[in-house]
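*Asks:* When you get a sec, could you give me coordinates for this:
(one chain, ligands or ions: 1)
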Amino acid sequence: MSKETFYITTPIYYPSDKLHIGHAYTTVAADAIARFKKLTGYDVYFLTGSDEHGQKIERTAKAKGQTPKEYVDKIVAGFKHLWGKLDVEYNDFIRTTEDRHKKVVEMFFEQLYKQGDIYKSSYKGWYCTPCETFFTEYQLAEGKCPDCGREVELLEEESYFFKMSKYADQWLKFIEENPDFIQPETRRNEMISFVKQGLEDLCVSRTTFDWGIKVPFDPNHVVYVWVDALTNYISALGYGSENDDLYQKYWPADVHLVGKDIMRFHTIIWPIMLMALNLPLPKKVMGHGWLLLEGGKMSKSKGNVVDPLKLIDKYGADAVRYYLLRELPFGSDGYYSEEALAKRINNDLANDYGNLLSRTSSMLVKYQQGELRKPQPEGKLDEELINLAVETPKVVEENMNNLQISAALEAISKLVGRANKYLEETAPWSLAKDETKTARLNTVLYNVIEVMRFATIMLSPFMPNIPEKVWAQIGIEDKKELQTWDSLRWGKLPEGTVVKKGKVLFPRIDLSTI
Ligand code: MSP
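*Replies:* All right, here's what the predicted structure looks like:
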């Protein structure tokens, strides 16, 4: 039987500058979801990329004495380097400067024009260059950009317009019939009230700069960068080309994962473009919260941008990934600090998860040459631990399917915490002193190592380098069948398995060094 497909995307990032920890958050979240779906049996396609056109890039490149293409090539190489360092396993990386993408944007624009959904008129509005967005007078916040707070410019130009207003009712009907389309619910309500206030037609071309995809039938105009960018989710799948197998197989997307600031584009403009083109709509758009600093937003002008590469060098990709995904309840904002990161590593990973393995493996080596023997569970303590272990994969799966990543991680932490407590309660170090308690000692240590196997399988999408180390230590590196999601059934770890002592998984961080 062929597997069910799952198509997930990240936003395509602007190569106007290097990426910071906030951008890494979106992509790491998408990667963890993609890996989780693979682990649980889906045929996954994971897309990311770069959004390379627009006035801001043109200006930045010029200021550096480079062509826009020279400039973005370097920055995009940096994106790919960062994703490699963070163990992000995408299937494809789309660049909006690629021909395969341009062709689809041109095709869409032409089709919408031919069917009368794009028309020419003149536009006057307030434009924020960094955000690549026009605002009406009424939308401005004290005369500044309502999104980033920077200066806006009054522009008047001959432009093409997309008849968004024509589709407002169809959009509202769609949202009503698909209550899960916009996540979380608060964002859904915001979008509905935005559309109910009255949807204006969208200005979809510019003549004030060059760096973009030309309108095929009027090359003085370049296509509005958001219409260009949103199309990536389909152009990357080969839509409209000779080989559109990927499009046939994976579209519509299961989830577009985006930050809350770009929800309007993804939940209103993109679905309406697709409606007008008579193409299927994505199944879900999830808007996550922002990673903030005590002083507010991260920005280059404030000089407070956190470089993920430095953190990876210092703490390792697994720990950085874990922190990002555990710290923010998915959908809400949260504060970043290096201290919080170090505390997370110390508490969850060093003291709880890593220590569970090191103390249990030491005892196993000391008391029974590392060998696991047949367990004989007895009584309430064993039952409680085993029940929790068996329940946790279900809780994790449910949370992941609802894109509640931090809640999924919390459930795994709870199991690991329970196993540590179980060690305190059963005190194997005392059992070892009494020869009549050998069977009990073996059962306790077996149970904890089996929990370790459970926790490690469940953690693998979040910290992809850890499992290999744990499997080697608990002696099942060659037993792939014990490392799968399906193997999460209690007691599969065979007797005779030999556990070894290993290197500390997560060394404790001295907080005074931060
Ligand atoms: N190019 C557009 C997206 C086009 S998608 C068709 C864009 N690019 S971006 O580089 O500015 O931002 C990309 C993503 O990074 C957005 O989802 C945004 O929310 C996210 N983040 C940027 N800073 C962030 C934080 N500080 N915290 C969390 N996410 C942040 O928008």
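
*Asks:* Buried residues in stretch 60-74, which are they?
*Replies:* 60-61, 68, 71-72 (16 or more other Cβ atoms under 10 Å). Bear in mind the C-beta positions are built from the backbone N, C-alpha and C, glycine included.

*Asks:* residues making contact with the helix-or-strand element of the chain with minimal mean pLDDT?
*Replies:* The weakest-scoring helix or strand in the chain, judged by mean pLDDT, DSSP states H and E, is strand 133-135 (a mean of 81). When contacts are defined by Cβ atoms under 8 Å, 6 or more residues apart in numbering, strand 133-135 is touched by residues 123, 125-128, 145-147, 152, 155, 203, 226.

*Asks:* does residue 157 belong to a helix or a strand, and which?
*Replies:* strand 153-162 (DSSP states H and E).

*Asks:* Mind giving me the packing neighbours of that strand?
*Replies:* Counting contacts by 3 or more Cβ pairs under 8 Å, 6 or more residues apart in numbering; DSSP states H and E, strand 153-162 packs against strand 118-128, strand 202-203, strand 205-206, strand 218-223, helix 270-276.

*Asks:* please redo it, this time with the cut-off set to 7 Å
*Replies:* strand 118-128, strand 202-203, strand 205-206 (3 or more Cβ pairs under 7 Å, 6 or more residues apart in numbering; DSSP states H and E).

*Asks:* Distance from that strand to the middle of the chain?
*Replies:* The chain centre lies 34 Å from the centre of strand 153-162; the measure is Cα atoms, centre = their mean, to the nearest Å.

*Asks:* buried set for stretch 332-348?
*Replies:* 334, 336, 338, 341-342, 344-346, 348.

*Asks:* end to end, how far does it reach?
*Replies:* 21 Å (Cα to Cα, to the nearest Å).

*Asks:* what do you get for stretch 325-343?
*Replies:* 14 Å.

*Asks:* ok, and what's touching it?
*Replies:* 21, 28-29, 32, 184, 288-294, 306, 315, 323, 344, 348, 403-406, 409, 462, 509, 511, 514 (Cβ atoms under 7 Å, 6 or more residues apart in numbering).

*Asks:* Show only the entries of those residues found in strands.
*Replies:* If you go by DSSP state E, the contacts of stretch 325-343 have 288, 291-292 in strands.

*Asks:* residues contacting whichever residue of the chain sits closest to the ligand?
*Replies:* Here the residue of the chain nearest the ligand is residue 259; by Cβ to the nearest ligand atom that distance is 1.6 Å. Residue 259 sits next to 11, 26, 287-288, 290 when contact means Cβ under 7 Å, 6+ apart.

*Asks:* Please apply the same query to residue 216.
*Replies:* Contacts of residue 216 by Cβ under 7 Å, 6+ apart are 106, 109-110.

*Asks:* Of those, grab the buried ones for ChimeraX.
*Replies:* In ChimeraX, a selection of the buried entries from the contacts of residue 216 looks like this (16+ other Cβ under 10 Å):
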select :106,109
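
*Asks:* Inside helices: which ones of the contacts of residue 216?
*Replies:* By the criterion of DSSP state H, membership of these in helices covers 106, 109-110.

*Asks:* Those into JSON lines, with extra columns for distance to the ligand?
*Replies:* Formatted as JSON lines, the ones in helices among the contacts of residue 216 follow (distance: Cβ to the nearest ligand atom, whole Å):
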{"residue": "106", "distance to the ligand": "17"}
{"residue": "109", "distance to the ligand": "16"}
{"residue": "110", "distance to the ligand": "20"}
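
*Asks:* What is the nearest of the residues you listed to residue 372?
*Replies:* Closest approach to residue 372 among those (Cβ to Cβ): residue 106, at 62.8 Å.

*Asks:* Give me the nearest residue to that closest one, chain neighbours excluded.
*Replies:* Using Cβ to Cβ, 6 or more residues apart in numbering and skipping the chain neighbours, the partner closest in space to residue 106 is residue 216 (4.6 Å).

*Asks:* and the contacts of residue 259 near the ligand, which?
*Replies:* 11, 26, 290 (Cβ under 6 Å from any ligand atom).

*Asks:* Output the residues you listed as JSON lines; include the columns neighbour count.
*Replies:* Below are these laid out as JSON lines (neighbours: other Cβ atoms under 10 Å):
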{"residue": "11", "neighbour count": "24"}
{"residue": "26", "neighbour count": "21"}
{"residue": "290", "neighbour count": "17"}
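
*Asks:* Restricting to C-alpha, output stretch 300-312 in CSV.
*Replies:* Coordinates of the C-alpha atoms in stretch 300-312 are reproduced here as CSV (Å, rounded to 0.1, in the frame of the first residue of the first chain):
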residue,chain,number,x,y,z
LYS,A,300,19.9,44.7,12.8
SER,A,301,19.4,48.4,13.6
LYS,A,302,19.2,47.6,17.3
GLY,A,303,22.3,45.4,17.0
ASN,A,304,20.7,42.7,19.1
VAL,A,305,20.4,40.0,16.4
VAL,A,306,21.2,36.5,17.8
ASP,A,307,23.3,34.4,15.4
PRO,A,308,22.2,30.8,15.5
LEU,A,309,25.6,29.6,14.2
LYS,A,310,27.4,30.8,17.3
LEU,A,311,24.9,29.0,19.5
ILE,A,312,25.3,25.8,17.5
